[in-house]
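**Student:** Give me coordinates for this.
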Amino acid sequence: MRVGITGHRGLSGEVERTVRALIEEAVTAYGTGTGNAGLVGVSCIADGPDTWFARAVLDHGGRLEVVLPAARYRADLPAWHHSTYDDLLRRATEVHRTGLDASGPDAHMAGSELLVDQVDVLLAVWDGRPARGYGGTADVVTYAREHDVSVQVLWPEGATRD
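**Tutor:** Purely as a prediction, here's the structure:
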């Protein structure tokens, strides 16, 4: 089973705790029956849901594949996240690249499209609202649905992003 992740970053502590638990449940469920070694998680390994998912996959004995939206993607992530990003990138069994150099909305959407094209199921940490900018979670969910990739939304009932 190949499972990907997309989702909102910068969640409040309470929402983060609930989302982490939902990701953990999803990873456990998708690994059941395939032996978790059969589970492949695909992530862009940004801070937030991408990283929580990647760690859960590895912690459950699955394999991690990483999508790099751009050659300079790491530089656009928070400095405090770089060591985690580097660790997860080292642990990846495969790295997919868009071929783009500059990071930004176009590269992020290209990376998300490449990710969706690699998976059977997309987990979406999504509040159900429109994207705040091109390449946001809503855009990724729309792309997945247009390409017949199953989407499982992971969002705590009643939670808000702000």
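
**Student:** other SSEs contacting the longest helix seen in the chain?
**Tutor:** As assigned by DSSP state H, the longest helix anywhere in the chain is helix 13-31. Counting contacts by 3 or more Cβ pairs under 8 Å, 6 or more residues apart in numbering; DSSP states H and E, helix 13-31 packs against strand 2-7, helix 49-59, strand 121-125. In this view, the C-beta of every residue, glycine as well, is placed from N, C-alpha and C.

**Student:** Which of the ones you listed has the highest mean neighbour count?
**Tutor:** Greatest average neighbour count among the helices and strands packed on helix 13-31 goes to strand 2-7 (a mean of 26), per mean count of other Cβ atoms under 10 Å.

**Student:** May I have the strands that pair with it, each with its orientation?
**Tutor:** strand 40-43 (parallel), strand 121-125 (parallel) (DSSP bridges).

**Student:** what's it in contact with?
**Tutor:** 19, 23, 26-27, 30, 39-43, 48-50, 53-54, 57, 112, 115-116, 118-126, 137, 140-141, 154 (Cβ atoms under 8 Å, 6 or more residues apart in numbering).

**Student:** hmm, try it at 6 Å
**Tutor:** Strand 2-7 is contacted from outside by 30, 40-43, 49-50, 53, 115, 119-125, 137, 140, using Cβ atoms under 6 Å, 6 or more residues apart in numbering.

**Student:** Where does the prediction get shaky in the chain?
**Tutor:** 32-37 (pLDDT under 70).

**Student:** run the last query once more with 50
**Tutor:** For the chain, no stretch is flagged by pLDDT under 50.

**Student:** does Lys121 really touch Val149, like I thought?
**Tutor:** Not Lys; residue 121 is Val. No - taking contacts as Cβ atoms under 6 Å, Val121 lies outside contact range of Val149: 7.1 Å.

**Student:** Give me the contact list for the longest helix of the chain.
**Tutor:** Contacts for helix 13-31 (Cβ under 6 Å, 6+ apart): 1, 3, 39, 52-53, 56-57, 60, 123, 125, 154, 156, 159.

**Student:** could you dump the residues you listed to CSV with distance to Gly133?
**Tutor:** Output for these, formatted as CSV (distance: Cβ to Cβ, whole Å):
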residue, distance to Gly133
Met1, 31
Val3, 25
Leu39, 31
Trp52, 22
Phe53, 22
Ala56, 27
Val57, 27
His60, 33
Leu123, 21
Val125, 17
Leu154, 21
Pro156, 23
Ala159, 21
